[in-house]
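In: give me the fold of what follows.
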Amino acid sequence: MGKINLAISGCMGRMGQQLIKSSRSDKDFNLVSLTESRLINKKFNGIKPQLNSENAFKKANIIIDFTIPKCTFDILKIASKLNKKVVIGTTGFTKKEENLIKKFSKKIPILKAGNMSLGINLLMYLTEIASASLGDKYLSKVFEIHHKHKKDYPSGTALMLGKGIAIGKNKDFYKLIGKKFLNKKTFPYGNKINFNSIRTGEVIGEHEVKFSSGKEIITLNHEAFDRSLYSEGALTAAKWLNSKKPGLYSMRDLMNFK
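Out: Residues are numbered from 1 along each chain as shown. Predicted structure coming up:
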């Protein structure tokens, strides 16, 4: 197999910069394009960032996108026209936007994940199993910590874990979303899934799912120490997606969870 021509969107962001670094040391990729929402008068790996356009993506086999929802849909429109594959690491989509992504996936292969870490995706799988095993007598809640620069809350990963709880209960996640707290020292369990988000310092990411019966508490957690685990996960996703037909995939598919 030849090298995969890679385009990175949102190249000036934290994940964009990490992806540039990780792709540089991965022999399976040839970085051909970088894009950003504004013009950047600087080169990375000899490549000057462009605005999202057909010209920016025409040489790419796969586009990795860590931006914002509005930008993601600009990319999907172009990718759909050029028949390019897309790995989406962007978070914060509404239910309507999620459905729109499904429509795009009928034409092009898309792998979308709220978190590209293999460990986090294992945590979601374990969350589903715990939720299904413990049943409705156990209340649940999700806690997460990220760096002070992260704007959205709860994080895409926290919502992903909440969805894991809902899947385990065989219920609609959007009907199970409870209160969303920000920077609270403590927060309650509820009949719905409550979330608490802490934004502080330069924390890369901590996530915790708790189940309580009132008599015992079961805790599942994951802590990230190095941002490269996300970029390396995204590159692993890109390699896997490169041979796939149109469809909407997840890290769960990549990891072959049933």
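In: tell me the spacing between the closest residue to M251 other than its chain neighbours and I110.
Out: Using CB to CB, 6 or more residues apart in numbering and skipping the chain neighbours, the partner closest in space to M251 is N121 (4.1 Å). Every C-beta, even on glycine, is put in place using the N, C-alpha and C of the backbone. Relative to I110, N121 is positioned 16 Å away (CB to CB, to the nearest Å).
In: any low-confidence regions in this structure?
Out: Regions of the chain meeting the criterion pLDDT under 70 cover residues 1, 258.
In: tell me which residue lies nearest the centroid of it.
Out: Centroid-nearest residue in the chain, with CA atoms, centre = their mean: G114, separated by 2.4 Å.
In: report the secondary structure element holding the residue of the chain positioned farthest from its centre.
Out: Note on the chain: the largest separation between a C-alpha and the mean C-alpha position, by CA atoms, centre = their mean, falls on K215 (34.2 Å). Assigned by DSSP states H and E, K215 belongs to no helix or strand.
In: for the protein, just list every one of the helices.
Out: Secondary structure of the chain, counting by DSSP state H: helices at 14-24, 54-57, 69-82, 95-104, 118-134, 156-169, 173-176, 228-241, 251-254.
In: and N196, which of the ones you listed is closest to it?
Out: helix 156-169 (8.8 Å; CB to CB).
In: need the CA coordinates for that closest one. PDB is fine.
Out: Extracted C-alpha coordinates of helix 156-169, given in PDB (Å, rounded to 0.1, in the frame of the first residue of the first chain):
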ATOM      1  CA  GLY A 156     -17.700  15.400  23.400                       C
ATOM      2  CA  THR A 157     -16.200  12.500  25.300                       C
ATOM      3  CA  ALA A 158     -18.400  13.100  28.400                       C
ATOM      4  CA  LEU A 159     -21.400  13.100  26.100                       C
ATOM      5  CA  MET A 160     -20.100   9.900  24.400                       C
ATOM      6  CA  LEU A 161     -19.900   8.200  27.800                       C
ATOM      7  CA  GLY A 162     -23.400   9.400  28.600                       C
ATOM      8  CA  LYS A 163     -24.600   7.800  25.400                       C
ATOM      9  CA  GLY A 164     -22.900   4.600  26.500                       C
ATOM     10  CA  ILE A 165     -25.000   4.700  29.600                       C
ATOM     11  CA  ALA A 166     -28.100   5.200  27.500                       C
ATOM     12  CA  ILE A 167     -27.200   2.400  25.100                       C
ATOM     13  CA  GLY A 168     -26.700   0.000  28.100                       C
ATOM     14  CA  LYS A 169     -30.200   0.900  29.300                       C
END
